[in-house]
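Chemist: Quick check, what structure comes out for this input:
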Amino acid sequence: MRLALGFGLLPPATLAYLVAIGYDPAFATSTASAFVVSTGGFALAAALAVRAGVRIAVALSLAVFALVPWLGDLGLGPHFVSFAAVVDALLFAAVGGVVLIALEHAIRNRRRLTESVPRAALLASLAVGLGHLFAVVLVAEAAGDAVLSIATELPEGQPVEYGMLVLVVVGLVALGSIPTLLFARLRLRLPALVVALCFALATARTWYYVQETTFLGASPSPMIVYAVFWFVPFGLALVVGGLEFLRMRRRSKRATAPN
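Modeler: Sure thing, here's the model as predicted:
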């Protein structure tokens with residue numbers, strides 16, 4: 001009941017809040033989808049988190065949700081230029097909130113996590129995650145995105161840019177490490193396969209981008225899009241992994257059931 005209540009209340013409450021502070025709703029199909037996914041999805045994650053005793057990350061995330069509409073594009077103005085822009089920002093705030101929730105849950109349950117997963121598997125999954133991040137940086141750099149120059153521009157960046165950078169880095173590491181950990185712990189193969197296919201597709205599209213673009217770096221390459229929207233293949237990998245896990249459990253029950 002609490003899950004349905006949160007999922008049903010946060011989207012209209014957020015919409016009313018945006019209208020009250022001056023935004024003019026313009027619901028194109030893509031904007032409406034992003035709005036429902038960001039607010040409704042976060043409400044579902046927050047309700048599950050509160051049930052599991054994770055409250056600090058939920059409170060911080062809700063505070064960010066309230067502050068985002070006032071930040072403006074990358075913190076440069078009092079408001080975003082359009083309703084669609086603030087909805088996109090809320091989508092990234094929702095992803096960041098889910099990441100915070102996952103981190104707090106992992107910290108609260110670190111003993112159970114370390115006892116259920118061998119340290120070697122944890123280190124191996126982290127190494128794969130860092131390797132995935134390194135591979136994305138190399139491909140994007142080869143496509144002219146000048147990713148490595150970000151380090152020299154950090155002192156001049158806006159707070160929102162820092163948050164986005166941290167979110168992308170953490171996400172890319174998680175995108176490589178979590179499927180590896182799922183394979184090591186539960187023998188789930190499909191999550192790693194999904195991520196590998198998405199990375200291969202982004203690499204192939206980036207190669208075509210390099211071949212067909214005269215001025216590299218003038219627009220973000222497909223690999224940059226893959227990096228910024230890492231949560232799309234991550235979510236797909238988790239859904240596919242969940243289905244694979246359910247299938248494995250059903251097979252196990254059939255094998256142990258008496259004839």
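Chemist: low-confidence ranges in the stretch 101-250 of the chain?
Modeler: Applying pLDDT under 70 to the stretch 101-250 of the chain flags the ranges 151-160, 217.
Chemist: wait, what's in contact with the residue most central in space within the chain?
Modeler: Of all residues in the chain, the one closest to the mean position by C-alpha atoms, centre = their mean is Phe231, 3.2 Å from it. Counting by C-beta atoms under 8 Å, 6 or more residues apart in numbering, Phe231 touches 95, 171. All C-beta spots, glycine's among them, are computed from the backbone N, C-alpha and C.
Chemist: mind checking how far it is from Ala174?
Modeler: For Phe231, the distance to Ala174 equals 9 Å [C-beta to C-beta, to the nearest Å].
Chemist: picking up where we left off before, quick check: the residue nearest to the centre of the chain vs Ile101, distance?
Modeler: Where Ile101 is concerned, Phe231 sits at a distance of 13 Å (C-beta to C-beta).
Chemist: same deal with Leu246?
Modeler: For Leu246 relative to Ile101 (C-beta to C-beta), the value is 23 Å.
Chemist: what about these two, which has more around it?
Modeler: Legend: neighbour count by other C-beta atoms under 10 Å for Leu246 and Ile101, higher for Ile101 (24 against 10).
Chemist: Against Leu10, how distant is the nearest residue to Thr114 once chain neighbours are set aside?
Modeler: Counting by C-beta to C-beta, 6 or more residues apart in numbering, Thr114 lies nearest to Leu122, which is 7.5 Å off, once chain neighbours are set aside. The spacing between Leu122 and Leu10, counted by C-beta to C-beta, is 34 Å.
Chemist: what do you get for Ala28?
Modeler: Ala28 sits 21 Å away from Leu10, going by C-beta to C-beta.
Chemist: Show me which of those two is the more surrounded one.
Modeler: Each of Ala28 and Leu10 has its neighbours counted (other C-beta under 10 Å); Leu10 has more, 22 against 11.
Chemist: in which helix or strand would I find that one?
Modeler: Using DSSP states H and E, Leu10 sits within helix 2-20.
Chemist: and if you look at Leu188?
Modeler: In this structure, Leu188 sits in neither a helix nor a strand according to DSSP H and E.
Chemist: is it true that it touches Phe245?
Modeler: Yes: counting by C-beta atoms under 8 Å, Leu188 does reach Phe245; the two are 6.1 Å apart.
Chemist: Look at the two and report which has more neighbours.
Modeler: Higher neighbour count among Leu188 and Phe245: Leu188, with 21 against 16, using other C-beta under 10 Å.
Chemist: can you tell me how far that one sits from Thr180?
Modeler: As judged by C-beta to C-beta, Leu188 and Thr180 stand 10 Å apart.
Chemist: which outside residues touch stretch 95-106?
Modeler: With contact meaning C-beta under 8 Å, 6+ apart, stretch 95-106 is reached by 41-42, 45-46, 49, 52, 54, 56-58, 60-62, 64-65, 113, 163, 167, 170-171, 174, 231.
Chemist: Alright, I will stop here.
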